[in-house]
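In: sequence and predicted structure are below.
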Amino acid sequence: MKLSLVIRTLNEAKHLMQLLQGIRAQHVPDHDVEVIVVDSGSTDGTLEIAESMQARVVTIEKSEFTFGRSLNIGCAAASGDILIFISGHCIPVNNNWLAFLVDPIINGKVSYSYGKQIVDEKSKLSEGQLLKKYFPDNSAVPQHGFFVNNANSALHKSIWKKFPFDETLTGLEDMDLGKRLVNSGLQIGYVAEASVFHLHDETWPQVRRRYERESIALQKIMPEVQLSFGDFLRFFFSAVLLDCGIALQEGKLHKSVGEIVMFRLMQFWGSFRGNHANRVLSREMKYRYFYPK
């Protein structure tokens, strides 16, 4: 069986070499592996790194970029039986990551699987708390619900051909697909053993935009979810207090308190703004929300 790894990139030179080396080190002796990089305009050496590691590079114009469209381009270029999606700033924790991730699909337990994400010691404390919330220590194969995350996931190509990614969303194309699959009677699995480091190197405006565009997408996927200004205040202060308590226990409150406040402010203010954004996006807004940086 052939495995096709699809990596979306935009100026991912900082972590891409380590990711590609991690992929090359995976223990999957019974499978052929190919790597496809879908690049949307890198200028930092990303393409040179990809080519030096024998990855196949396909490109998408900046003006044409959406998260779903870039994945569809990568999937169409792939020749494998199973599609694996991993962020350009994720790194496998060990050499068995890939085998664990694809096993439930190969064995017919699920159609779509995703793995655990953790932070390293340099990451923001609040980011780490979020990942612990959404990616617990115990696997669920299959799981209840349609949550899934394409920073570390796998999908049978035959399923993608029937259910391509939505190219109009400003984010959460993974959850949209997950919802469509579950509504069609298919199943999703969470594999905690398929773990990666997810390393976000974002400015505060980038953090806000990430949550804002995801909140805009959530309007389409789950229109019943509404976020009031009171919700924003309640969630913000609750998260800050919780994170500060953890930082205090770990002996790094003084060092982390400012970062905690800023991260949670950007997270919930972005979510609030996106939840109340006009559903008809101007050309300028489309560029701001679709393009990842």
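Out: Everything's here; your move.
In: would you map the strands across the stretch 101-250 of the chain?
Out: In the stretch 101-250 of the chain, the strands defined using DSSP state E, counting those that start in this stretch lie at 112-118, 152-156, 188-198.
In: in TSV: those, plus mean neighbour count and mean pLDDT.
Out: Backbone N, C-alpha and C define where each C-beta goes, glycine included. Listed next are those as TSV, based on neighbours: other Cβ atoms under 10 Å; pLDDT from 0 to 100:
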stretch	mean neighbour count	mean pLDDT
strand 112-118	25	98
strand 152-156	26	98
strand 188-198	23	98
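In: just tell me which of those ends up closest to residue 251.
Out: With Cβ to Cβ as the criterion, residue 251 lies closest to strand 112-118 of the strands of the stretch 101-250 of the chain, at 20.4 Å.
In: CA atoms only for that closest one - export them in CSV, please.
Out: C-alpha atoms of strand 112-118 as CSV (Å, rounded to 0.1, in the frame of the first residue of the first chain):
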residue,chain,number,x,y,z
TYR,A,112,-10.5,9.4,8.7
SER,A,113,-8.0,9.4,11.6
TYR,A,114,-6.1,12.0,13.4
GLY,A,115,-3.3,12.0,16.0
LYS,A,116,-2.2,13.7,19.1
GLN,A,117,-0.5,17.1,19.1
ILE,A,118,1.7,18.4,21.9
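In: can you give the strand pairings for that strand, parallel or anti for each?
Out: Sheet partners assigned to strand 112-118 using DSSP bridges are listed as strand 152-156 (antiparallel), strand 188-198 (parallel).
In: quick one: which helix or strand includes residue 8?
Out: Per DSSP states H and E, residue 8 falls inside strand 2-9.
In: report the angle between that strand and strand 152-156.
Out: Put simply, strand 2-9 runs at 140 degrees to strand 152-156, going by axes from the mean of the first three to the mean of the last three Cα atoms, to 10 degrees.
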